[in-house]
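Participant: Model the structure of this input:
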Amino acid sequence: MEFILYGKFDCYPCKAMLQDLKQLNTNYSFEIRTVDIRKDLQLTEQYGSRIPVLVAGGVELCHFTLDTEKVTSYLCTEGSIGTSNS
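Facilitator: The predicted model follows:
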């Protein structure tokens, strides 16, 4: 399973959400891909005022801060419970 974190790499809330995801990744197995929205005008228009935005499987799970309960529920529903190898 892959989570996509849309944001800007110099954005404090984006760094905080990435850190929170890495912490969650110690208990669940998933990949994290970061995308700097400044490299794509469409992404900047779509997410610019709400970053960071976390998406998995085409579903927006949360923005601004990590909604741990919602992300954990998504992980359990998708059956990716397990210890991460990373």
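Participant: Tell me where the model's unsure across the chain.
Facilitator: Along the chain, segments meeting pLDDT under 70 span 79-86.
Participant: residue ranges of the helices in it, please?
Facilitator: Taking DSSP state H as the criterion, the chain carries its helices at 12-24, 41-47, 68-78.
Participant: and those helices as a markdown table, adding distance to A56?
Facilitator: Any C-beta I mention is one placed from the backbone N, CA and C, and that applies to glycine too. Formatted as a markdown table, the helices of the chain follow (distance: least, C-beta to C-beta, whole Å):
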| stretch | distance to A56 |
| --- | --- |
| helix 12-24 | 11 |
| helix 41-47 | 15 |
| helix 68-78 | 6 |
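Participant: Of all these, which one is nearest V35?
Facilitator: Nearest to V35 among those is helix 41-47; the distance by C-beta to C-beta comes to 6.9 Å.
Participant: Flag every buried residue along the closest one.
Facilitator: 43-44, 47 (16 or more other C-beta atoms under 10 Å).
Participant: Next: stretch 56-64.
Facilitator: 56, 61-63.
Participant: right, and S29 touches F3 too?
Facilitator: No. Using C-beta atoms under 8 Å, S29 makes no contact with F3, being 11.4 Å away.
Participant: Which one's more surrounded, those two?
Facilitator: Set side by side, S29 and F3 show more neighbours around F3, with 21 against 14, by other C-beta atoms under 10 Å.
Participant: Now that one: closest residue in space, sequence neighbours ignored.
Facilitator: Nearest non-adjacent residue to F3, counting by C-beta to C-beta, 6 or more residues apart in numbering: A56, 4.9 Å away.
Participant: partner residues bridging L5?
Facilitator: In this entry, L5 is beta-bridged to T34, L54, by DSSP bridges.
Participant: From P13, how far off is the residue located most distally from the centre of the chain?
Facilitator: Centroid-distance maximum for the chain: L41 at 19.8 Å, with C-alpha atoms, centre = their mean. When distance is defined by C-beta to C-beta, to the nearest Å, L41 is 21 Å away from P13.
Participant: same deal with T34?
Facilitator: Counting by C-beta to C-beta, the gap from T34 to P13 is 13 Å.
Participant: Fine by me, thanks again.
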